[in-house]
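S.K.: After the sequence you'll find the predicted model.
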Amino acid sequence: MRWPAQVENLLYLEYDIQQNKPGLFGAVTTLIGMLDLNILTVTGIGPTRRGLLLETHSDAKVRALHDALIEVEAIRVTAFRMPTLLDRIALRHGKRLDMAEINPPTYRFVREELGVLVDFLGDTLLEGGNRIIGIRGMPRVGKTEAAIAACVYANKRWILLSSTIIRQTIRTELLLDESNNSIFLIDGITSTTRGNDAHWSLLKKVIEMPTLKIVEHPDVLLRDGRLDIDFDFIIEIRHHDDDVIRCEDIAMSFSAFDLS
């Protein structure tokens with residue numbers, strides 16, 4: 001493991017306990033204190049892992065800390081870097097997100113973790129950029145709820161291009177002030193089953209815009225084949241860990257509330 005090439009005041013340290021000796025955490029924090037590195041946050045991440053956010057002002061002391069910690073047999077350093085978004089979520093909620101190592105990256109949540117999901121997605125939206133995010137899940141699991149809550153969290157305006165929330169929404173054009181600084185929400189099933197040519201023309205235009213897009217039921221939209229979309233990452237929401245998401249089981253004919 002390498003230390004950050006450049007230290008910008010904040011350092012995320014995470015380690016896994018190999019030998020749970022009495023006073024181990026105290027020894028680690030004492031070492032950090034002796035190097036005059038300030039501990040801003042400490043969080044337990046699972047039963048054997050600890051995460052710490054440190055304030056630093058010296059590359060040499062950061063290097064010294066790293067060299068000392070890797071010699072401690074009772075712990076295994078698993079992260080030593082400037083904090084990422086996933087690190088901040090781990091510190092805030094005491095757990096690391098479940099991510100499948102596939103393409104595109106896929107993050108898995110259960111419904112009781114919607115608070116963690118909203119933080120993660122909301123912070124992602126705050127970062128901005130040109131991203132297309134897919135949300136996969138069975139009906140009534142909280143897909144639209146999470147997407148809109150994340151937009152509110154990020155203080156961003158959200159535009160429903162297609163949706164089943166409240167009533168079925170099929171947009172065919174944008175207002176003049178909706179093209180800039182907006183997050184567009186698309187329901188793949190609604191667009192595929194109810195969208196006309198004008199709607200699909202709008203979707204193509206929006207997908208090509210350098211802004212944030214969130215697509216529910218991304219597999220259905222891709223299977224339709226009318227749009228070529230590269231998702232930056234996918235979010236999966238389940239009621240329980242062992243639930244299976246089956247697109248073929250989702251009825252293509254639905255009422256206004258079936259898929260919210």
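M.R.: The structure has been received and is ready for your questions.
S.K.: quick one: least confident helix or strand in the protein?
M.R.: Lowest on mean pLDDT, DSSP states H and E among the helices and strands of the chain sits strand 98-100, with a mean of 83.
S.K.: Would you tell me what the next helix or strand after the biggest helix by length in the chain is?
M.R.: Using DSSP state H to define each element, the chain has its longest helix at helix 114-127. Moving toward the C-terminus from helix 114-127, the next helix or strand (DSSP states H and E) is strand 132-137.
S.K.: what comes up buried for the very next helix or strand once past that next one?
M.R.: Following strand 132-137 in sequence order, the next helix or strand is helix 143-153 (DSSP H and E). Neighbour-count burial for helix 143-153, counted by 16 or more other Cβ atoms under 10 Å, picks out 143, 144, 145, 146, 147, 148, 149, 150, 151. Glycine gets a C-beta too; all of them are placed from N, C-alpha and C.
S.K.: For helix 143-153, the averaged confidence score.
M.R.: In this model, helix 143-153 carries a mean pLDDT of 94.
S.K.: Which neighbouring elements make contact with that helix?
M.R.: helix 114-127, strand 132-137, strand 157-160, strand 182-187, strand 212-216, strand 233-238 (3 or more Cβ pairs under 8 Å, 6 or more residues apart in numbering; DSSP states H and E).
S.K.: Show the backbone phi and psi for residue 222.
M.R.: phi -70, psi -40 (degrees, to the nearest 10).
S.K.: Buried residues in the host helix or strand of residue 190, which are they?
M.R.: Taking DSSP H and E as the definition, residue 190 sits inside helix 188-194. Applying a neighbour-count criterion of 16+ other Cβ under 10 Å, one finds 188, 189, 190, 191, 192, 193 buried in helix 188-194.
S.K.: can you pull the buried residues of the helix or strand following that helix?
M.R.: Beyond helix 188-194 in the direction of the C-terminus, DSSP H and E gives the next helix or strand as helix 197-207. Using 16+ other Cβ under 10 Å as the test for burial, helix 197-207 gives 199, 200, 202, 203, 206, 207.
S.K.: Nearest spatial neighbour of residue 109, chain-adjacent residues omitted?
M.R.: Nearest residue to residue 109 in three dimensions, chain neighbours excluded: residue 117, at 4.7 Å (Cβ to Cβ, 6 or more residues apart in numbering).
S.K.: what sits against the one you found?
M.R.: 109, 146, 150, 235, 237 (Cβ atoms under 8 Å, 6 or more residues apart in numbering).
S.K.: The residues you listed into CSV, with extra columns for distance to residue 43?
M.R.: Converted to CSV, the contacts of residue 117 look like this (distance: Cβ to Cβ, whole Å):
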residue, distance to residue 43
109, 19
146, 23
150, 22
235, 23
237, 24
